[in-house]
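Asks: Provided below for reference: sequence and predicted model.
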Amino acid sequence: MSENRDEYNRSGLIAFAFSMVFCFAFFFYLVVVNKGVDLGENVVDPNAPVAEGAVPAFDIAQVKEPWVSTPEIVAYGEKVFKTNCAMCHGEKGLGDGAAGAGLNPKPRNLVEGKWTQGGGDIAHFNVLTNGIKGTSMAGYSHFKAADRWALVMFIESITQNKSTDDPAKVAEFAKTAQ
């Protein structure tokens, strides 16, 4: 009458059982045996107490006048630059970043310093805040003012076209600009 087809069901059951055993073994390995991948990240808690004799990390928020250039502010500005700007402007600010290769117009060579929006600390701060219309230079008004001033100080440290702004006018502008 009817033909017995158990061999078809048996092979499906064996395949299902094998896949379930494999999955459980794999997850067991991931959870119990595997130690994970060490990405070499050295996470530092900024609120942790500083060891005696160690130099505390630089905190830009503690700087009262970030528009006054110091080696610490320039170094902090360089970190912000490498994180946010180097992809277009290049690691050294030469306008040769990987993301900038496809932009038209090309990103500014900050070392050469042929400024289109005016030179000087105030003009640079305004460009960082508002961007430049008609270009790929976006505004970074979402950055804290101290971070933008640190970027300005870093750019000023690498450019050949130095600012001629009066420090008193920069200080007056900085106290009103956020």
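Replies: Nice, I can see it.

Asks: who's in contact with the helix or strand hosting A168?
Replies: Element membership of A168 [criterion: DSSP states H and E] is helix 167-176. Where contact means CB atoms under 8 Å, 6 or more residues apart in numbering, the residues beyond helix 167-176 that reach it are 65-68, 121-122, 125, 145, 149. Quick note: C-beta positions are derived from backbone N, CA and C, even for glycine.

Asks: can you rerun that using 6 Å?
Replies: Applying CB atoms under 6 Å, 6 or more residues apart in numbering, the contact partners of helix 167-176 are 67, 121-122.

Asks: Next up, phi/psi of R108, please.
Replies: phi -60, psi 140 (degrees, to the nearest 10).

Asks: Just give me the neighbour total for it.
Replies: 23 (other CB atoms under 10 Å).

Asks: ok, it - contacts?
Replies: Residues near R108 by CB under 6 Å, 6+ apart: G95.

Asks: Next SSE downstream of the longest helix belonging to the chain?
Replies: Counting by DSSP state H, the longest helix found in the chain is helix 6-28. Downstream of helix 6-28, the first helix or strand assigned by DSSP H and E is helix 71-84.

Asks: Let's see that following helix as CSV, backbone CA atoms only.
Replies: Listed next in CSV are the C-alpha coordinates belonging to helix 71-84 (Å, rounded to 0.1, in the frame of the first residue of the first chain):
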residue,chain,number,x,y,z
PRO,A,71,52.1,74.1,24.3
GLU,A,72,49.3,72.1,26.1
ILE,A,73,46.5,73.8,24.1
VAL,A,74,48.4,73.3,20.8
ALA,A,75,48.9,69.6,21.6
TYR,A,76,45.2,69.2,22.5
GLY,A,77,44.3,71.0,19.3
GLU,A,78,46.5,68.6,17.3
LYS,A,79,44.5,65.6,18.9
VAL,A,80,41.2,67.2,17.9
PHE,A,81,42.6,68.0,14.4
LYS,A,82,43.8,64.4,13.9
THR,A,83,40.4,63.1,15.1
ASN,A,84,38.1,65.4,13.1
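
Asks: In it, which of the residues would be classed as buried?
Replies: 73-74, 76-78, 80-81 (16 or more other CB atoms under 10 Å).
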